[in-house]
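**Q** Generate coordinates for the sequence data below:
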Amino acid sequence: MSLQIKVCGMTDFNQVQSLAEMGIDFAGFIFYPSSSRYVAEKITAQEIELISRMEILRVGVFVDEPIENLFKVAERWKLDFVQLHGQESPVYCKQASKYCKVVKAFRVGNEDRLEELTLPYGEVDSFLFDTKAEAHGGTGLKFNWQQLSIPLTRPYFLSGGIGPEDVNMVLDFNIHADKLFAIDINSKFEREPGIKDLEKVEQFKNQLKKISHE
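**A** This is a model prediction of the structure:
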């Protein structure tokens, strides 16, 4: 099975529509006010309704959001997944998972032991591994993917500084990555924060799908 692709940090309705038309699997919307890709008020309620009818899954990205507000946003935006990118506890994640599908993100540093980080989060649907940095995502920085060469209990998204030139690196890693099912791309495919270079996205998608089927 070929790897799926998530394009995160979307802020423009027309670009989301283009992603759906080119066969991208997930669109990520950031609901963290400190992010330069904060989506609130950039896409209208009417556009949200249209997006919900597209063949692309909607992922809302949150950082330590009060859980009642998380539920309200997930319902208004008709989210398929919530991606929790802060210090959300296993109890919080378990509560959220009763309402919607949950992706728990982990920001990986060189000294982190991923077995210990992920073990308490058995209630979530999938993990996402990103690079540890001051900013929450969209840093353009990679971490050492070999840290993921351990038994993991959930399928995961691979994130953190993946660019158009990394297709072969991703596919080489995928050979040994038992639970990897999707690639998360963001800042390396942008013209400016929140606005993607759709030609780069489509080229990456075509290369990834073509080579993985050979």
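**Q** name the element Cys93 belongs to?
**A** helix 90-97 (DSSP states H and E).
**Q** Enumerate the positions of that helix that are buried.
**A** For helix 90-97, a neighbour-count test (16 or more other Cβ atoms under 10 Å) marks 92-93, 95-97 as buried. Backbone N, C-alpha and C define where each C-beta goes, glycine included.
**Q** And for stretch 41-58?
**A** In terms of neighbour count (16+ other Cβ under 10 Å), stretch 41-58 has its buried residues at 43, 48, 51, 56-58.
**Q** Tyr38 contacts Gly9, correct?
**A** No - here Tyr38 does not reach Gly9: they are 9.4 Å apart, not a contact under Cβ atoms under 8 Å.
**Q** The biggest strand by length in the chain packs against which elements?
**A** Of all the segments assigned as strand in the chain under DSSP state E, the longest by residue count is strand 101-108. If contacts are counted by 3 or more Cβ pairs under 8 Å, 6 or more residues apart in numbering; DSSP states H and E, strand 101-108 sits against strand 81-84, helix 90-97, helix 114-118, strand 126-131.
**Q** Phi and psi next, for the residue nearest the centre of the chain.
**A** Geometric centre of the chain, nearest residue: Asp184, 4.9 Å, by Cα atoms, centre = their mean. As for Asp184, its main-chain torsions (degrees, to the nearest 10) stand at phi -110, psi 120.
**Q** For it, which non-adjacent residue is spatially closest?
**A** Of all residues not flanking Asp184 in the chain, Ser159 sits nearest, at 3.7 Å (Cβ to Cβ, 6 or more residues apart in numbering).
**Q** again, but for Glu65
**A** Taking Cβ to Cβ, 6+ apart as the measure, Glu65 lies nearest to Phe31, with 7.0 Å between them; neighbours along the chain are not counted.
**Q** quick revisit: what packs against the helix holding Cys93?
**A** Identification of packing neighbours for helix 90-97 by 3+ Cβ pairs under 8 Å, 6+ apart yields helix 67-76, strand 81-84, strand 101-108.
**Q** Can you say which of the ones you listed is nearest to Val170?
**A** The closest of the helices and strands packed on helix 90-97 to Val170 is strand 101-108. By Cβ to Cβ, the value is 16.2 Å.
**Q** Measure how that closest one sits relative to helix 67-76, angle-wise.
**A** Angular relation of strand 101-108 and helix 67-76 on a 0 to 180 degree scale: 120 degrees, by axes from the mean of the first three to the mean of the last three Cα atoms, to 10 degrees.
**Q** pLDDT weak spots in the protein?
**A** Applying pLDDT under 70 to the chain picks out residues 1, 134-140, 211-214.
**Q** biggest helix in it by residues?
**A** With DSSP state H setting the assignment, residue counts place helix 198-213 as the longest helix in the chain.
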